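Colleague: No letters, just coordinates:
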């Protein structure tokens, strides 16, 4: 089955700096890679996703890149703000009958 | 409209007792997932229901865990003879497209 590794487990950045979180996956059949944000005490929510037919996707300050050959994908947050502080989870799946497999999460702290 | 609803929000039980956790998915969502989130850990997949297909139970950690989904809507996760290591937040999520998951707020289970 699919296995997703996520690094780093914790990340602290100064407000305004960029943050990068990296994930690797094992199953070459996976073709859907979402990122979820979980603020303290709240439920995870989808912030961005990418499918295997593209290499990069942007949404304002957030971007995700995918390298299918190397089986890794990354989340990039630019101009970080305190409200970006949260736990971020990557996931991988085949957009079909198998469930999403999540990484262990990255706790991002943005220091004002 | 209403989101994914889980009950109870908190459950404290004694070791050896059985517990039932309930999930009301978003109306019309055909896919329903149970995940477990332990302190400092990621989202551990437990079980996945998709329409009328047989559920994917590959994530259930032991035969003490079971789940059912009645009428394609409400789901109940049952843990028999609870152990201290079962203590965690149990998250339910539903999806229409097999991709974007909408999570409930979870049930915090504490086994004493």
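Modeller: In hand now; what should we look at? Keep in mind it's a predicted model, so treat the numbers as computed, not measured.

Colleague: Can you show me the helices along chain B?
Modeller: Shown for chain B, no helices are assigned by DSSP state H.

Colleague: which bits of it sit near chain A?
Modeller: Those residues of chain B that sit near chain A, judged by CB under 8 Å from any CB of the partner chain, are B:33, B:35, B:41-45, B:48, B:50, B:53, B:56, B:58-59, B:91, B:98-101, B:103-106. Where you see a C-beta, it was placed from the backbone N, CA and C, and this is true even at glycine.

Colleague: contacting residues around the residue lying farthest from the centre of chain A?
Modeller: Going by CA atoms, centre = their mean, the residue of chain A most distant from its centre is residue A:112, 22.6 Å out. If you count contacts by CB atoms under 8 Å, 6 or more residues apart in numbering or on different chains, residue A:112 has them with A:15, A:82.

Colleague: ok, it to residue A:17 distance?
Modeller: 12 Å (CB to CB, to the nearest Å).

Colleague: same deal with residue A:9?
Modeller: From residue A:9 over to residue A:17 the distance is 19 Å, taken as CB to CB.

Colleague: ditto for residue B:57
Modeller: Residue B:57 sits 44 Å away from residue A:17, going by CB to CB.

Colleague: ok, now residue B:18?
Modeller: Residue B:18 sits 49 Å away from residue A:17, going by CB to CB.

Colleague: By mean pLDDT, point me to the weakest helix or strand of chain B.
Modeller: strand B:43-50 (a mean of 93; mean pLDDT, DSSP states H and E).

Colleague: contacting residues around that strand?
Modeller: A:44, A:89, A:91, A:97-102, A:105, B:30-38, B:55-61, B:65, B:67, B:69, B:75, B:77, B:90-91, B:98.
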